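K.L.:
Coordinates for the following, if possible.
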Amino acid sequence: MGLFDFLLVKKQTASVAKDRLRIIVAHERATRGGPDYLPMLQRELLEVIRKYVNVDVDAVKVDLLNDGDDKVLDISVSLPENGVVANG
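P.N.:
Next up is the predicted model:
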């Protein structure tokens, strides 16, 4: 173990932190242009679906995609395999 080995650990940690920051910045840039109503729409869809089927919070995904000149609302719902009905 050398005298300056502790410097190498910081370099690796700094590299990992830099990579994580790049991912966060890229994600923020991608969502910045999206409409403000998508998170609220996702929550409301989840509430309606939960009236009929028990699903997790992560079961409903709402995205806005570009399809040429048009925007497409992509809604994905992961239903449980057993199809448990909520509140009859």
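
K.L.:
Dihedrals phi and psi, the nearest residue to residue 59 once chain neighbours are set aside?
P.N.:
Counting by Cβ to Cβ, 6 or more residues apart in numbering, residue 78 is the residue found nearest to residue 59 once chain neighbours are left out, at 4.5 Å. In short, each C-beta sits where N, CA and C put it, glycine included. Note on residue 78: backbone dihedrals following degrees, to the nearest 10 are phi -90, psi 110.

K.L.:
How about residue 52?
P.N.:
When read as degrees, to the nearest 10, the backbone of residue 52 gives phi -110, psi -30.

K.L.:
Got the phi and psi for the most centrally placed residue in the chain?
P.N.:
Centroid check for the chain by Cα atoms, centre = their mean gives residue 61 as the closest residue, at 8.1 Å. Note on residue 61: backbone dihedrals following degrees, to the nearest 10 are phi -120, psi 130.

K.L.:
Let me know the pLDDT of it.
P.N.:
With respect to pLDDT, residue 61 has a value of 87.

K.L.:
Can you tell me the element the closest residue to it other than its chain neighbours falls in?
P.N.:
Take residue 61 and drop its neighbours on the chain: the residue closest to it by Cβ to Cβ, 6+ apart is residue 76, 4.4 Å away. Using DSSP states H and E, residue 76 falls within strand 70-77.
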